[in-house]
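Chemist: Structure of the sequence below:
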Amino acid sequence: MRLTVVGCSGSYPGPDSPASCYLVEATGVDESGEGRTWRILLDLGNGALGALHRYADPLAVDAVFLSHLHADHCLDLCGYYVMRKYHPAGHQPRIPVYGPEGTAARMARAYDLPEDPGMTEEFDFHAYPDGGAVELGPFRIEPVAVEHPVPAYALRVHAGGRLLVYTGDSGVCEPVEHAAEGADLFLAEAAFCDGEENPEGIHLTGTDVGNMAKRAGVGRLVLTHIPAWHDRQVAFDEARAVWDGPLEVAAAGATYDV
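Modeler: Alright, predicted model coming up:
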């Protein structure tokens, strides 16, 4: 797998990055047995669709997986709807969009559309299976429900015998700990800082994530979703204080071979 950070700013687009969006690519075969590159997006937050053009043709994306329905993780699906509906090359075939229950209705409201048809002529909406996984080309995606003020999921993405784990947004909870287990690359949000009066059940700190990485035996840790009002170095230092493995802070345009 190859991971490209399209956007990694927490809560809203920052001066150096759109909000959350991660392009994941892997080689597999299509229905005819021909080999090709498959592409999925993990989240499509505000500002991300424009930046995506730098790294891939947006019309070549095979599916979108939304961790949850806060704007900084899903709102650019509105622009993507317009692109797929009105592109000069013609109305584009529907692609799958996976997310929490109610995603189709949420996105229709976001663009002030009637729920029927909403965006269902452009996207084939699916709620995450309870305790199951989604198979798509070379990918197997396992959603894990985590703690957040709205229904939210960590995503375990398998391809080619490797495992990428993305926390989405999550407070400290047992499910996100389990989701991290065995990750070759752990892409973990670190939106909060230690020592502040952080509300419970919303986000993680660098210390939280570093401890998770240590307990889960991950191969590589990449911190993400750091808001523009925080110093990225603080998140790095917090994680480094408790975990001595490979560690980076995500930046727009960074790529990782998983």
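Chemist: who's the residue nearest in space to the middle of the chain bridged to?
Modeler: Closest to where the C-alpha atoms of the chain average out (Cα atoms, centre = their mean) is Leu42, at 3.2 Å. Beta-bridge partners of Leu42, counted by DSSP bridges, are Tyr22, Phe65.
Chemist: residues touching it, list them.
Modeler: Ser20, Cys21, Tyr22, Val24, Phe65, Ser67, Leu155, Val157, Tyr166 (Cβ atoms under 8 Å, 6 or more residues apart in numbering). Backbone N, C-alpha and C define where each C-beta goes, glycine included.
Chemist: go with 7 Å
Modeler: Leu42 sits next to Tyr22, Val24, Phe65, Ser67, Leu155, Tyr166 when contact means Cβ atoms under 7 Å, 6 or more residues apart in numbering.
Chemist: before we move on, what about Thr167?
Modeler: Ala154, Val176, Leu187, Ala188, Glu189.
Chemist: buried sites along stretch 19-38?
Modeler: Ala19, Ser20, Cys21, Tyr22, Leu23, Val24, Glu25, Ala26, Trp38 (16 or more other Cβ atoms under 10 Å).
Chemist: would the last one count as being in a helix?
Modeler: Translated: Trp38. No: assignment of Trp38 by DSSP: H, G, I helix; E, B strand; the rest coil gives strand, placing it outside any helix.
Chemist: Go ahead and report the secondary structure state at Ala213.
Modeler: Going by three-state DSSP, the secondary structure assigned to Ala213 is helix.
Chemist: Could you report the neighbour count for it?
Modeler: Per other Cβ atoms under 10 Å, the neighbour tally for Ala213 reads 25.
Chemist: swap in Asp184?
Modeler: Asp184, neighbours per other Cβ under 10 Å, totals 17.
Chemist: pLDDT at it, what is it?
Modeler: Looking at Asp184, its pLDDT is 98.
Chemist: contacting residues around it?
Modeler: Arg162, Leu163, Leu164, Gly219, Arg220, Val258.
Chemist: The fourth one against Leu185, yeah?
Modeler: Yes: if you go by Cβ atoms under 7 Å, Gly219 and Leu185 touch, sitting 6.5 Å apart.
Chemist: Show the model's pLDDT score for the closest residue to Leu59 other than its chain neighbours.
Modeler: Nearest non-adjacent residue to Leu59, counting by Cβ to Cβ, 6 or more residues apart in numbering: Gln92, 6.0 Å away. pLDDT recorded at Gln92 is 97.
Chemist: name the element Gln92 belongs to?
Modeler: Following DSSP states H and E, there is no helix or strand that holds Gln92.
Chemist: quick one on the thing from earlier: if you count what's nearby, which of Gly219 and Leu185 comes out ahead?
Modeler: Set Gly219 next to Leu185 and count neighbours by other Cβ under 10 Å: Leu185 wins out with 23 against 15.
Chemist: Please report the distance of that one from Phe123.
Modeler: Using Cβ to Cβ, to the nearest Å, one gets 27 Å for the distance from Leu185 to Phe123.
Chemist: All set now, cheers.
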